[in-house]
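Colleague: okay, structure incoming, though there's no sequence with it:
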């Protein structure tokens, strides 16, 4: 049997990652005196790795997660109010399997989005489906199908994904209609999966965000906090970090 015959069969089986590597792999196997089973396992392992890389890349693209934010590049030393050990506990993403929520609170720039996105990336790597929205983006999506209750919109990304991340709650006030849509969204997520929220406002101030509707806020928080983990981040802004360092250098140069 020729090498070309084997390659054609590999192509029919869509073993695309290893088909061009076959000559090198066979030569390597001969040198190492690998058994047929070891050689076959090597081929399959390379194909599985390549397929997994493609899955993760595709899922990250579909998720809409901002790029460059991972748990392993979060500066815990700069933000000591965030307990790394506590974040590590959630990095296995078992909270998603349990249908639990995570809420990050704190002023702008302290790393809320970074941590939320980092957990989203980890969830995708593990195999969960994830979608990311700012609150403004989520409301725009919800308004597209106001003729159907959110609970009936089973095919929509904000319903069907295992984890939904909603960022930037508190930067805009919602009217009563938008508040009602958000309540429907939270009610569906309560029954369907996990949600991560970030907010620059304490829950005590959410009445100002959600149309001064205390009843709606109570109903939203009742569902959100039932199975939730809260992080209150109180520290300096990452966005001001480089600016502060630049000012420090200028002061040193003038001394």
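Modeller: That came in fine, so what should we check first? This is a predicted model, so every value here is computed, not measured.

Colleague: only C-alpha atoms from now on, for both contacts and neighbour counts.
Modeller: Noted.

Colleague: what's the average pLDDT for stretch 233-244?
Modeller: Stretch 233-244 shows a mean pLDDT of 70.

Colleague: burial count for the closest residue to residue 154 other than its chain neighbours?
Modeller: Spatial nearest neighbour of residue 154, excluding adjacent residues (C-alpha to C-alpha, 6 or more residues apart in numbering): residue 160 at 6.1 Å. Residue 160 has 18 neighbours, counted by other C-alpha atoms under 10 Å.

Colleague: quick check, pLDDT for residue 160.
Modeller: So, for residue 160, pLDDT stands at 96.

Colleague: go on, residue 223?
Modeller: 95.

Colleague: for it, give its distance to residue 188.
Modeller: As for residue 223, its distance to residue 188 is 10 Å (criterion: C-alpha to C-alpha, to the nearest Å).

Colleague: quick one, which of these two is more surrounded?
Modeller: residue 188 (21 against 18).

Colleague: distance of the residue nearest to residue 154 from residue 32?
Modeller: 48 Å.

Colleague: buried stuff in the helix or strand hosting residue 103?
Modeller: Using DSSP states H and E, residue 103 falls within strand 101-105. Residues of strand 101-105 classed as buried by neighbour count (16 or more other C-alpha atoms under 10 Å): 101-105.

Colleague: what ranges does this structure have for its strands?
Modeller: 101-105, 130-134, 163-169, 194-199, 228-232 (DSSP state E).

Colleague: doesn't residue 150 make contact with the residue nearest to residue 154?
Modeller: No. Between residue 160 and residue 150 there is no contact under C-alpha atoms under 8 Å: 11.1 Å.

Colleague: mind putting the strands of the chain in a markdown table, distance to residue 111 included?
Modeller: Listed next are these as a markdown table, based on distance: least, C-alpha to C-alpha, whole Å:
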| stretch | distance to residue 111 |
| --- | --- |
| strand 101-105 | 9 |
| strand 130-134 | 15 |
| strand 163-169 | 12 |
| strand 194-199 | 10 |
| strand 228-232 | 11 |
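
Colleague: so which of those strands gets nearest residue 58?
Modeller: strand 130-134 (11.5 Å; C-alpha to C-alpha).

Colleague: list the contacts of the closest one.
Modeller: 59, 62-65, 120, 123-124, 157-158, 161-169 (C-alpha atoms under 8 Å, 6 or more residues apart in numbering).

Colleague: in PyMOL, how would I select the buried members of these?
Modeller: Of the contacts of strand 130-134, the buried ones go into a single PyMOL selection, burial set by 16+ other C-alpha under 10 Å:
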select buried, resi 59+63+65+120+123+124+157+158+161+162+163+164+165+166+167+168+169
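
Colleague: spit out the contact partners of residue 213.
Modeller: By C-alpha under 8 Å, 6+ apart, the neighbours of residue 213 are 176, 207.

Colleague: kindly report the same for residue 185.
Modeller: Residue 185 neighbours (C-alpha under 8 Å, 6+ apart): 150-151, 158-159.

Colleague: what about it, distance to residue 152?
Modeller: Counting by C-alpha to C-alpha, the gap from residue 185 to residue 152 is 11 Å.

Colleague: got it, and residue 226?
Modeller: Taken as C-alpha to C-alpha, the span from residue 226 to residue 152 is 23 Å.

Colleague: re earlier: name the member of the contacts of residue 185 that has the highest neighbour count.
Modeller: Counting by other C-alpha under 10 Å, top hit in the contacts of residue 185: residue 158 with 27 neighbours.

Colleague: what about the helices in the stretch 1-150 of the chain?
Modeller: 3-12, 16-19, 22-32, 36-63, 84-90, 94-97, 112-126, 135-143 (DSSP state H, counting those that start in this stretch).

Colleague: same check, this time on the stretch 151-255 of the chain
Modeller: Using DSSP H, counting those that start in this stretch, helices in the stretch 151-255 of the chain cover 157-160, 176-192, 206-209, 214-226, 241-254.

Colleague: out of those helices, nearest to residue 144?
Modeller: helix 176-192 (11.1 Å).

Colleague: can you check what angle separates that closest one from strand 101-105?
Modeller: Comparing the axes of helix 176-192 and strand 101-105 via axes from the mean of the first three to the mean of the last three C-alpha atoms, to 10 degrees yields an angle of 140 degrees.
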